[in-house]
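Q: build the 3D model from these lines:
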Amino acid sequence: MHPSDGQGYSPSVPGAYSHQMPAKVPPHQSSGQYNYSGSQIASQLNNYQGPGQILNRPPVAPLSGSPVQQTGSVPQVLPPALQNSAAVSSAGGFPPGASPPVLSNWQYSQTPVSHPAGSQTSHLAHVAGTASAQPPPSSLSGNTNPPGSYQYAASPGGPPLQNSYMKPGSAPPPVTQPLPPLHPPSRPPLGPPPVGGPPLIRPSTLTAAPPSNSASQSLLNSSANRDGDATSTASDGSVVQNSYDAIEGGGLMGKVLELTTTHPSPAPPNLKMGRSVGYSYPNLPPGYQNTSPPGAPGMQTPALQYPDGSKPFHQPPLGPNHLTASMGGLSLQQEGLRPVNLLQERNILPTTLLQAPVPNLHEDIQKLNCNPELFRCTLTNIPQTQALLNKAKLPLGLLLHPFKDLSQLPVVTSSTIVRCRSCRTYINPFVSFLDQRRWKCNLCYRVNDVPEEFMYNPVTRAYGEPHKRPEVQNATIEFMAPSEYMLRPPQPPVYLFVFDVSHNAIETGYLNTVCKTLLDNLDLLPGNTRTKIGFITFDSTIHFYSLQEGLSQPQMLIVSDIEDVFIPMPENLLVNLNENRELIQDLLKTLPQMFTKSLETQSALGPALQAAFKLMSPTGGRISVFQTQLPSVGMGALKSREEPNQRATAKDIHLTPSTDFYKKLALDCSGQQVAVDLFLLSGQYSDLASLGCISRYSAGSVYYYQSYHHKHNPVQVEKLQKELKRYLTRKIGFEAVMRIRCTKGLSIHTFHGNFFVRSTDLLSLPNVNPDAGYAVQMSVEESLTDMQVVSFQSALLYTSSKGERRIRVHTMCLPVVTTLSDVYLGADVQAITGLLANMAVDRSVSASLSDARDALVNAVIDSLSAYRSSVLSIQQPGLMAPHSLRLFPLYVLALLKQKAFQTGTNARLDERIFTMCQVKNQPLVYLMLMTHPNLYRVDNLTDEGALNINDRTIPQPPILQLSVEKLSRDGAYLMDAGSVMFLWIGKNCGQNFISQVLGVPNYGSVPQNMTHLPELETAESIRTIAFISWLREQRPFFPILYIIKDDSPLKSSFLQNMIEDRTESALSYYEFLLHIQQQVNK
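A: Model (predicted):
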């Protein structure tokens, strides 16, 4: 008997923003006994009864500094070999006698930035805990299905089976030609690990008796946090199964629980056990019991005889110096390590967009690697040990954009999805084939059989070349999932719109814009003939709309009892879009006028959301809620916490939610596959810190339109229209789960983004959209000795709007290094900045804004100190940084000046919270643009170096440093800050630009509130508009363009983004460098 998979809600649910920066670790308490309730780390839901059932959640435990006792199911006896540790914090407690994991990734030790000596500062310490939280064994296999037929379909927009992101010339040819082999003879293949690597033998019998040796006992003790417990006991004592775990199959923290087996095979007594990464089957199939790694002492891999006459597939082993020999001549080596004196070299900002560093791999491996826009690591050279990582003082983590829109995506339809039988990794370009019939997993090194069906390649129509199949030629691929990957029939697309219609809301005029945009895009909503739609409006009461077939017009049903919300006529409130289109269109046309005379000022947002949840629970889907003020009546009512005069005092700002109502409701929604997207259109404080939880934990998105008003702020109307159109028509995935796996020895311990963590490492995403980014923090848990490379894989299982179950898989391979200089050589400064920003948001919420700011500054001080003391052979005056980190101080200064973290009284609290939401949910490319804007001179655009896209010529002016030194009164400059753009016109700007681009006779005639460029038939106008339009097209949100002069009220916003200049409350870049130098030299 095997334990079922746990999927319940835990008594202590994750807090508002997950934190990874606890307070100072006391010197006498190395285990770091802190238990913040604010973290979203590997939490499990212990009382969730499964889809369609009521959630029974105990109250949230108070924040405490000591471990919380938690009763769970009886720990299973696990072989010490198969533990997978992860630093886990705060979501559950620790059983008696267990040592809690070290939670701190940020730790105090040195003199602070702005505190007197002796006070505490925040430091980045790379300490990984060792609490093991294991998910359950998989109950399903991806490769035991009956063979079926394959179909290959590339998504529209390009030739089939080609990647749009490969280096020029390296993409696989179209389907009519054979794909290039995975391991051409000219390159070193990813072969078996050298002698001493982790053996593949697993103990095949395991009694359920108490542990008899100290090793087993220590494992039980280290399995301190039972968040990932394999079973969860319901209130009636029955076992609740986590079907999602069983379906996706196996997580990062694996355990094998083999209580009875049919083929017992004792492990050799002196075998050094490798940790299992993921799930294992209940017992080893025949033929696997005595498999040993090729090259293991005393073992030889016999050449297999194939009855059908196919030949063994030979692959030379990967020697320890094989990779490094081919890398030695790379010029990257010298450039990346060249010390840069930041105080002397002022012009270090590249004039073109900064690209992600290319991993130091053999070119044949690298050309198969994942596009960094989808998946990138903070360090492209992975340190071999945690000690080496600690020494580098840099964070190790991954940044993902897993559902990004792709023009070309190989799609595989098959009844057999080939996965590792132990850790459930999907087959990918970085596995190694021992011969035609066996492949070795690149994450756990298990040897697996190649299924018969996989031997045939339908692209080349050849048999016996499994290494040439598309799954092994593409790092990003999508599988059409068979029925085993479904818990229930795929849900229909269901969209519910919830509108605030209080007097305040009607006054803003937003309802006209939203209803018109929705009317215009009804036919473009992603879906099929099953698409359903519904509407709820609310003020102090809740209004439902019956759209029953046969009605001549929509029927409004009012529920005034907001204390106990019920659903009137549930069968006619969510209706089929195609069958009831006319009624729906009628409703959208009349809604904006229905409440124009309303004097109702109250807002019952909480009860309206409860009603929406009840309506959506049977199916799942998306709730889009539009809110214009602080909720004032019913459940979830809030009181204002903002005092305008104290906006910037770091201690008094309210970054934490004032109630857990919205978070609990979000968790209920998540359990029923419902996501909530919040559109906040408000000029007044609306407590986004509390309201935002509804989207954060249900995997929704937050949109914020400050001071939205159709007359007083018309530019926001266009922004809402454009962003709402994108929101309504973009791709969407329903009832999704995502899991990230990595080579054993590495472990993931903290997740950032909008989701809920279900059973240790399974991210629950009721909706997934192409504009959402995620980040994870990692540690090196076991030395990566003898490993040349490590791999990372993300798998996103979702239901498309057409009702197909699909799995999108991204795999990335990176080299392992043993020296500190190599770690610095591979540092990805943008990814590091993005991960630190996520960590700093958590620190702001769990501790304080000033703590987060100190931690950011100390991250720079620590890494540059380590570089100076451990890598630089000759100590030089000045502030030295490796070339790879030359922009690190600049980017951290930019973060300190960003709305999320800046001090000074000009940031509204909701605006600050919204920026923090964006940090946690934006893909890296947009986060960097909002942190460090791009500045271009645009009054002298030429076609030199221009891009040609769809017969349009797009000028490519150089990027300038963000300093007024770079501005000339004779020019015009465009600042692209991501969600907003400024076009600054100098007083003496050339007449040519003013007349040919702005369309006015002279500088004085430029209007004060100009936000659009006229489309003129001049070369200058065409170039400028083409450039701005191209920048806007690159992103999913719509940046407003403000055209400003010297006397414009918006000039201060423009200057605020001049990162390198001094402001009232922040240092200039040069002053910041002097401060860093002073700390480094201590």
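Q: now Ile348, nearest residue through space, not along the chain?
A: Once flanking residues are discounted, Ile348 sits nearest to Arg886: 4.9 Å by Cβ to Cβ, 6 or more residues apart in numbering. All C-beta atoms are positioned from the backbone trio N, CA, C, and that covers glycine.
Q: tell me the spacing between the one you found and His1012.
A: Distance, Arg886 to His1012, by Cβ to Cβ, to the nearest Å: 38 Å.
Q: so which of these two has more stuff around it?
A: Applying other Cβ atoms under 10 Å to Arg886 and His1012 shows that Arg886 carries more neighbours, namely 19 against 11.
Q: residues contacting the more buried one?
A: When contacts are counted by Cβ atoms under 8 Å, 6 or more residues apart in numbering, Arg886 touches Val340, Leu342, Glu345, Ile348, Val829.
Q: pick the one among those closest to Ile536.
A: Using Cβ to Cβ, Val829 comes nearest to Ile536 of these, at 46.4 Å.
Q: and the gap between the closest one and Gln793?
A: Distance, Val829 to Gln793, by Cβ to Cβ: 25 Å.
Q: which residue ranges form the strands in the stretch 601-750 of the chain?
A: Applying DSSP state E, counting those that start in this stretch to the stretch 601-750 of the chain gives strands spanning 621-627, 674-682, 702-706, 733-742, 746-752.
Q: same deal with the stretch 901-1050 of the chain?
A: 934-937, 947-949, 952-954, 959-960, 972-976, 980-985, 1040-1044.
Q: turn those into a markdown table, including mean neighbour count and distance to Tyr510.
A: Shown next, in a markdown table, are these (neighbours: other Cβ atoms under 10 Å; distance: least, Cβ to Cβ, whole Å):
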| stretch | mean neighbour count | distance to Tyr510 |
| --- | --- | --- |
| strand 934-937 | 22 | 31 |
| strand 947-949 | 11 | 34 |
| strand 952-954 | 15 | 34 |
| strand 959-960 | 18 | 36 |
| strand 972-976 | 23 | 27 |
| strand 980-985 | 22 | 20 |
| strand 1040-1044 | 20 | 16 |
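Q: same list (the ones you listed) but as TSV, adding mean pLDDT and distance to Ser747.
A: Shown next, in TSV, are the strands of the stretch 901-1050 of the chain (pLDDT from 0 to 100; distance: least, Cβ to Cβ, whole Å):
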stretch	mean pLDDT	distance to Ser747
strand 934-937	97	37
strand 947-949	92	42
strand 952-954	93	44
strand 959-960	96	38
strand 972-976	97	38
strand 980-985	96	39
strand 1040-1044	96	43
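Q: quick one, which of these is nearest to Gln436?
A: Comparing the strands of the stretch 901-1050 of the chain under Cβ to Cβ, the one sitting nearest is strand 947-949, at 44.4 Å.
Q: adjacent strands (with direction) for that closest one?
A: Paired with strand 947-949 in the same sheet, following DSSP bridges, are strand 952-954 (antiparallel).
Q: may I see the buried residues of stretch 1018-1028?
A: If you call a residue buried by 16 or more other Cβ atoms under 10 Å, then stretch 1018-1028 has these buried ones: Glu1020, Ser1021, Ile1022, Arg1023, Thr1024, Ile1025, Ala1026, Phe1027, Ile1028.
Q: wait, I meant stretch 901-910
A: Buried residues in stretch 901-910 (16+ other Cβ under 10 Å): Phe901, Gln902, Thr903, Ala907, Arg908, Leu909, Asp910.
Q: can you put the residues you listed in a markdown table and add distance to Arg437 and pLDDT?
A: Compiled in a markdown table, the buried residues of stretch 901-910 are given as follows (distance: Cβ to Cβ, whole Å; pLDDT from 0 to 100):
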| residue | distance to Arg437 | pLDDT |
| --- | --- | --- |
| Phe901 | 56 | 94 |
| Gln902 | 60 | 91 |
| Thr903 | 64 | 88 |
| Ala907 | 62 | 79 |
| Arg908 | 64 | 88 |
| Leu909 | 63 | 91 |
| Asp910 | 61 | 93 |
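Q: for these, work out which two are farthest apart.
A: For the buried residues of stretch 901-910, the farthest-apart pair by Cβ to Cβ is Thr903 and Asp910; their separation is 17.2 Å.
Q: give the other helices and strands that whichever strand or helix holds Lys589 contacts.
A: Assigned by DSSP states H and E, Lys589 belongs to helix 581-594. Packing contacts for helix 581-594, counted by 3 or more Cβ pairs under 8 Å, 6 or more residues apart in numbering; DSSP states H and E, involve helix 510-521, strand 532-538.
Q: let's see 10 Å
A: On a contact count with 3 or more Cβ pairs under 10 Å, 6 or more residues apart in numbering; DSSP states H and E, helix 581-594 meets strand 494-500, helix 503-508, helix 510-521, strand 532-538, strand 542-546, strand 555-559, strand 575-576.
Q: that older thread, for the strands of the stretch 901-1050 of the chain, which one sits closest to Ala612?
A: Across those, closest to Ala612 is strand 1040-1044 (Cβ to Cβ), at 30.5 Å.
Q: what lies in contact with the closest one?
A: With contact meaning Cβ atoms under 10 Å, 6 or more residues apart in numbering, strand 1040-1044 is reached by 715-716, 718-719, 722, 972, 974-976, 979-985, 997-998, 1006-1013, 1028, 1031-1032, 1048-1054.
Q: looking at this protein, which helix is longest?
A: helix 849-870 (DSSP state H).
Q: low-confidence bits of the stretch 451-600 of the chain, can you list those?
A: Counting by pLDDT under 70, the stretch 451-600 of the chain contains no low-confidence range.
Q: make it 80
A: Along the stretch 451-600 of the chain, segments meeting pLDDT under 80 span 458.
Q: ok, now which ones touch the residue lying closest to Trp984 once chain neighbours are set aside?
A: Among residues not flanking Trp984 along the chain, Tyr973 sits closest, at 4.8 Å (Cβ to Cβ, 6+ apart). Contact analysis of Tyr973 by Cβ under 10 Å, 6+ apart lists 935-939, 957, 960, 966-967, 982-986, 989, 1054.
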